[in-house]
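Enquirer: just coords:
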């Protein structure tokens, strides 16, 4: 039976949507606010400024290729280069955080950037009346190739704050003369407000899949930036290695991967010349065991002319048959990974390569150029 709305309408407006109903397509998400792209190599020094509309929440994602770390500044109307406005700290490959950098006139873009390529993702809280705080992760390529441990990508966790309280609407990336910035360097600024109603979201859903025959497999259109989320549940047998493989149209199971990971923020492991990327590995620290569910969220720099860099964060509920209670802490993994292929990824598979199978799962991929 059809229940007609006023004026004999079937389709309602946003105002007529029930308060507890599903959100309509008019609800906004992450919107592109600005970007810069370097079309050719640059050694002359520059100060690239991105102007953007003010939003409560800012995401900055990009691929930069400098010979030394750049400087980043934010501000209102103009990037702020005043002294004593910034403070920051970082951990490289899950080492000690150190004493940080205080009373500075800039913040770095994550530390440890290299000309081979550094892919980063950052979130900034941009509320009026509050200092601006940011969380960032950077995956550094460490050269090309995956066959040597010296080429396994590195992970830098980075936090910083800017002490002024008005909303920022400027972000700059700068370097001095003589510093090489390779072509293809790009930084994209996204924003979101809870009251947004736009429909031109940056993150476009490209594909999703449910578990089939113990695997999660999804094929999607090639995009420069990918955001992937994965849910899985292990069966009753010991699941000691949940892995991810990429592919350009089809599954790549060759030794074309390298990854560095930390289990529960430990010192981590370095894996070169691998046939896949670890999500959880119970044989190498905290991992997924009997009846455990896990969740992974990752960003992939999927640029066509270079190897693919991946930032992945994963957590398990640790609900195995022997310790499924609130007294068992959830194990976590952070991963910096590389797929040694210059073709764009259009396929992802997630599966168990240990002694059991996944019994539940879902994968979803979003992307944008």
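Expert: Good, I have the coordinates. Since this is a predicted model, take the numbers as computed values, not measurements.

Enquirer: shaky segments in this protein?
Expert: 1-27, 43-46, 67-68, 109-115, 176-181, 236-240, 281-291, 319-328 (pLDDT under 70).

Enquirer: try 50
Expert: Applying pLDDT under 50 to the chain flags the ranges 1-4, 7-11, 13-25, 283-285, 287-288, 321-322, 324.

Enquirer: spatially central residue in it, please.
Expert: In the chain, the residue lying closest to the centroid (Cα atoms, centre = their mean) is residue 299, at 3.3 Å.

Enquirer: that one belongs to a strand, doesn't it?
Expert: Yes. Membership of residue 299 in a strand is supported by DSSP: H, G, I helix; E, B strand; the rest coil.

Enquirer: residues touching it, list them.
Expert: 61, 119, 121, 225-228, 310-311 (Cβ atoms under 8 Å, 6 or more residues apart in numbering). From N, CA and C alone the C-beta is placed, and that goes for glycine too.

Enquirer: recalculate using a threshold of 7 Å.
Expert: Listed by Cβ atoms under 7 Å, 6 or more residues apart in numbering, the contact partners of residue 299 are 61, 121, 226-227, 311.

Enquirer: what are the pairing partners of the helix or strand hosting residue 88, and which direction each?
Expert: Assigning secondary structure by DSSP states H and E places residue 88 in strand 86-92. Strand pairing for strand 86-92, determined by DSSP bridges: strand 101-104 (antiparallel), strand 154-162 (antiparallel).

Enquirer: partners of the following helix or strand past the first one in the sheet?
Expert: Secondary structure here is assigned by DSSP H and E; on that basis, the next helix or strand after strand 101-104 toward the C-terminus is strand 107-108. Based on DSSP bridges, the strands next to strand 107-108 in the sheet, each with its direction, are strand 71-75 (antiparallel).

Enquirer: what ranges do the strands span in the stretch 251-369 of the chain?
Expert: 257-263, 269-274, 277-281, 293-301, 308-316, 332-339, 347-352, 358-368 (DSSP state E, counting those that start in this stretch).

Enquirer: now render those strands as a markdown table, adding distance to residue 163.
Expert: As requested, these are exported to a markdown table (distance: least, Cβ to Cβ, whole Å):
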| stretch | distance to residue 163 |
| --- | --- |
| strand 257-263 | 31 |
| strand 269-274 | 37 |
| strand 277-281 | 38 |
| strand 293-301 | 28 |
| strand 308-316 | 28 |
| strand 332-339 | 28 |
| strand 347-352 | 41 |
| strand 358-368 | 32 |
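
Enquirer: so which of the ones you listed gets nearest residue 98?
Expert: strand 257-263 (16.9 Å; Cβ to Cβ).

Enquirer: quick one: the nearest residue to residue 301 once chain neighbours are set aside from residue 152, how far?
Expert: Excluding the flanking residues, the one nearest residue 301 by Cβ to Cβ, 6 or more residues apart in numbering is residue 119, at 3.6 Å. Residue 119 sits 15 Å away from residue 152, going by Cβ to Cβ, to the nearest Å.

Enquirer: of the two, who's got more company?
Expert: residue 119 (29 against 24; other Cβ atoms under 10 Å).
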